[in-house]
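Participant: please work out how this folds:
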Amino acid sequence: MSPNALASYLKETAKLKRTLPSENKKLEKAIQKAFGRVYRAVALDVDGTITEPATSNLSTEMVLIISRLLQKGIPVILISGRGRTSLRAAANQVRRESKISDWYLRRLQCVCYNGLIRLYTKTSKPDKFLELEDFLFNTSSEQQQVLEEYKAQNEKYIAKFSSKIGYLRIRADVDGLVELVPRSLVELSEKLSRLSGNESWFISRSLYEGQFWWTLTPKDKSHALEKIAKRLGLPPSTILRIGDSGGENGNDESILNCDSGFSVGSVSEIHDGCLPIFSRSGEHLQGAKGTQWIISTVKIFPPLSLQAENPESIEKRIADLTGFEKLVTARSRIEAKIIDAEIDGKHRSLLPTGARLRADGTSLRE
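Facilitator: Model (predicted):
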């Protein structure tokens, strides 16, 4: 990012986040990191981030962008509050409309219920698209009982429920105020937390199909993304994260509040993450349009990893690569000498009769 572009981006971001002049240095550093880093994978929220406005369908442009990333060897993670069926439908839209082979599609994985279940494809069986499931959290029998009791008392408000994984989604206007967390949900969260050894349960708000929802989960999206980063052999900071609910209590807040996170919707007021997206002309880009812009702007390359199951295997790979590097270096020196000799010969053939070369390569008549 050029100095002028950085200054403009910093100005607009500081205005949106309402930062004080004394806090701008921290914000500027985060922006420089975000745009200067090489990303090795991309994590995308779905609704409001890669969908057509006011629909649950992925935009045609985003299907194309996702397919290109997969073809380049870049892992893509769809991470959403959606359930398994709905999230698989989004992934299958990519499969159906992109028409790329299953070999590339195996790099696409999904995390549903805001980080509780991972859907993935076995590398050796790419045709079994997203058939495997990895439960990232299971509740205790005591927690399941508490959840079942809550369900019995609030059945009419509940849209999605699973006591096994601890997932609960209710309408956001239960108390008549969309922005207000229902007191009953706060009390439930505190009770479950005590049963978890005082580990926090997470309440977040999201927009799906024109309706706001409150969601309760034992873990959040960041917990799932850290696990996936480990499986991919990547530092979490090298996963580009894009979502639309980065504000307080938003269901993307946990993954966007870092200098790898960009929001195409609401933003938090922290100074070193959850960055908005502005075009070079200063337009505040939101939704799929903002997602397209940031993916085309930052540096994203396939992951490089020497990960192996045992240290001996890693040592052997390093030794092999070191040996190969020595051979390549020696060969490049030989090639350089050959090219220098060819250039020198061609240069001499262009000299006037009786001329010779000075040490600096210029001609000198005898």
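Participant: tell me which stretches of the stretch 51-200 of the chain form strands.
Facilitator: Using DSSP state E, counting those that start in this stretch, the strands found in the stretch 51-200 of the chain span residues 76-79, 108-112, 117-120, 132-135, 158-162, 167-171.
Participant: who wins for proximity to residue 252 among the ones you listed?
Facilitator: strand 76-79 (8.5 Å; C-beta to C-beta). Every C-beta, even on glycine, is put in place using the N, C-alpha and C of the backbone.
Participant: who's in contact with that closest one?
Facilitator: 41-46, 66, 69-70, 87, 90-91, 107-111, 115, 221, 224-225, 228, 239, 255 (C-beta atoms under 8 Å, 6 or more residues apart in numbering).
Participant: for that strand, which strands pair with it and how are they oriented?
Facilitator: strand 41-44 (parallel), strand 108-112 (parallel) (DSSP bridges).
Participant: re the thing from before, I'd like the strands of the stretch 51-200 of the chain laid out as TSV, including mean neighbour count.
Facilitator: Converted to TSV, the strands of the stretch 51-200 of the chain look like this (neighbours: other C-beta atoms under 10 Å):
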stretch	mean neighbour count
strand 76-79	25
strand 108-112	24
strand 117-120	20
strand 132-135	13
strand 158-162	15
strand 167-171	22
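Participant: so which of those strands is nearest residue 204?
Facilitator: strand 167-171 (9.9 Å).
Participant: helix, strand or coil for residue 262?
Facilitator: strand (DSSP: H, G, I helix; E, B strand; the rest coil).
Participant: next, the contact list for it, please.
Facilitator: 34, 240, 241, 242, 256, 274, 275, 276, 277, 290, 294.
Participant: how close does it get to residue 45?
Facilitator: To residue 45, residue 262 is 11 Å away according to C-beta to C-beta, to the nearest Å.
Participant: which residues do the two both contact?
Facilitator: residue 242.
Participant: what stretches of the stretch 1-150 of the chain score poorly on pLDDT?
Facilitator: Within the stretch 1-150 of the chain, the ranges that satisfy pLDDT under 70 run 1.
Participant: mind doing that once more with 50?
Facilitator: Along the stretch 1-150 of the chain, no part satisfies pLDDT under 50.
Participant: quick one, grab the pLDDT at residue 317.
Facilitator: Note on residue 317: pLDDT of 64.
Participant: separation between residue 203 and residue 245?
Facilitator: Counting by C-beta to C-beta - residue 203 and residue 245 are separated by 13 Å.
Participant: of these two, which one has the most company?
Facilitator: Between residue 203 and residue 245, counted using other C-beta atoms under 10 Å, residue 245 has the larger neighbour count: 25 against 19.
Participant: tell me the contacts of that one?
Facilitator: 45, 48, 204, 205, 206, 207, 251, 252, 253, 263, 265, 266.
Participant: ok, now with 7 Å
Facilitator: 205, 206, 251, 252, 253, 265, 266 (C-beta atoms under 7 Å, 6 or more residues apart in numbering).
Participant: domain parsing for the chain?
Facilitator: 3-136+220-300, 141-214, 311-365 (automatic domain parsing).
Participant: just the ones you listed: most buried one?
Facilitator: Ranked by mean neighbour count under mean count of other C-beta atoms under 10 Å, the domains of the chain are led by domain 3-136+220-300, which reaches a mean of 19.
Participant: how distant is it from the center of its chain?
Facilitator: 4 Å (C-alpha atoms, centre = their mean, to the nearest Å).
Participant: do me a favour and get the end-to-end distance for it?
Facilitator: One end of domain 3-136+220-300 to the other measures 21 Å (C-alpha to C-alpha, to the nearest Å).
Participant: what of stretch 131-143?
Facilitator: Stretch 131-143 end-to-end distance (C-alpha to C-alpha) = 28 Å.
Participant: for that stretch, which outside residues touch it?
Facilitator: With C-beta under 7 Å, 6+ apart, stretch 131-143 has contacts from 115-122, 163-166, 192, 195, 218-219, 224, 227.
Participant: among those, which ones are in helices?
Facilitator: Here DSSP state H is the test, and these give 192, 195, 224, 227 as lying in helices.
Participant: return the closest of those residues with respect to residue 326.
Facilitator: Proximity of these to residue 326 (C-beta to C-beta) peaks at residue 227, which lies at 37.6 Å.
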